[in-house]
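[1] quick one, what's the 3D model for this:
(chains A, B, C and D)
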Number of protein chains: 2
Amino acid sequence: MESKTAVASLAALAQDARLAIFRLLVQKGPEGLCVGDIAAKFDIAPATLSFHLKELTNAGLLVSRQEGRFIYYAPDFEKMNALVSYLMENCCGGETCAPARKPVTRKRKEKVT
Amino acid sequence: MESKTAVASLAALAQDARLAIFRLLVQKGPEGLCVGDIAAKFDIAPATLSFHLKELTNAGLLVSRQEGRFIYYAPDFEKMNALVSYLMENCCGGETCAPARKPVTRKRKEKVT
DNA sequence: TCAATATTTCTATAATACTCGAACTATGGA
DNA sequence: TCCATAGTTCGAGTATTATAGAAATATTGA
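    Got it, this is the predicted structure:
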């Protein structure tokens, strides 16, 4: 991960509303939530919410998909793991700590064929 | 961890110089580095460096100790772990991911008696 | 096609943060 | 005591970011 990317991701998370939104989505998982569902959880003007979702998406922390009229946002878990790994890279010289953490893994979704 | 604290920590890290400084110190470990040693690694005006160290310290990410004329800064590893845990708390509803990550642990320093 | 719903873009204002020169404080050695 | 070294605080200029009203876009159902 590049330093620039990490700074952008951290900046995206360094804001009350965005951190709350991101954590909500992390807890929700890969299915995500549509904008309206997120709006229902927080008292944020639609334009402001849209702005924050864009910030998180531009930072690479969220991915979105359209389903009919609804747009779902979900975390990009790989990016989140990469960010954390970048922060802790070679912790304590790599001798006492590394590998510091195991990345988040999740069960592969069954194919719905 | 409180949301306010997490935002402050993330904001402290969401800056080129500060992220580089923090990562340098994470890699150095609990002994830390004095300001001069940090300054030697980056091209930053002393006042600016001092400002950034203060930001990181106020956010709780660094601790400092004085040794003679030198002030050593080192990461607060517990705070760092708490921040990461907060980000990933109850990931994917806690079913598929949790416990997502193990915190950084390091060997207890031998007592120098 | 028309209206309603869902979300985004535009635009402006207010607030906050970064940088660094200059002046200041604290420690240790001569 | 006096000076040099190590860091910090202050102040001002510049830049970036948050917020939200209004207008625009896109999708669906009638």
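[2] which stretches of chain A aren't confidently modelled?
    For chain A, the stretches with pLDDT under 70 are A:96, A:98-113.
[3] how about the strands in it?
    A:33-34, A:62-67, A:70-75 (DSSP state E).
[4] and A:Lys54, which of those strands is closest to it?
    Among the strands of chain A, strand A:62-67 comes nearest to A:Lys54, with 9.2 Å by C-beta to C-beta. Using the backbone N, CA and C atoms, a C-beta is placed for each residue, glycine as well.
[5] hmm, that closest one touching DNA strand D?
    Yes: applying C-beta under 7 Å from any atom of the strand, one finds strand A:62-67 touching DNA strand D at A:Gln66.
[6] quick one: check that strand for contact with DNA strand C.
    Yes: using C-beta under 7 Å from any atom of the strand, we find that strand A:62-67 touches DNA strand C at A:Ser64.
[7] turn the strands of chain A into a markdown table, including mean neighbour count.
    Output for the strands of chain A, formatted as a markdown table (neighbours: other C-beta atoms under 10 Å in any protein chain shown):
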| stretch | mean neighbour count |
| --- | --- |
| strand A:33-34 | 19 |
| strand A:62-67 | 14 |
| strand A:70-75 | 19 |
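[8] I'd like those laid out as CSV, including distance to B:Arg69.
    Shown next, in CSV, are these (distance: least, C-beta to C-beta, whole Å):
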stretch, distance to B:Arg69
strand A:33-34, 54
strand A:62-67, 47
strand A:70-75, 47
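[9] mind checking those strands for the one nearest to B:Phe70?
    That would be strand A:70-75 among the strands of chain A, by C-beta to C-beta, at 42.0 Å.
[10] now do the spatially most distant residue from the centre of chain A against A:Phe22, distance only.
    In terms of distance from the mean C-alpha position of chain A, A:Glu95 ranks first, at 29.9 Å (C-alpha atoms, centre = their mean). Using C-beta to C-beta, to the nearest Å, one obtains 33 Å as the distance from A:Glu95 to A:Phe22.
[11] again, but for A:Glu55
    A:Glu55 is 10 Å from A:Phe22, by C-beta to C-beta.
[12] and those two? Which one has more around it.
    The neighbour comparison of A:Glu55 against A:Phe22 (other C-beta atoms under 10 Å in any protein chain shown) goes to A:Phe22, with 24 against 19.
[13] wait, the more buried one touches A:Ala14, no?
    No: under the criterion of C-beta atoms under 8 Å, A:Phe22 makes no contact with A:Ala14, lying 10.8 Å away.
[14] check contacts around A:Leu10.
    Counting by C-beta atoms under 8 Å, 6 or more residues apart in numbering or on different chains, A:Leu10 touches A:83, B:10-11, B:13-14, B:19.
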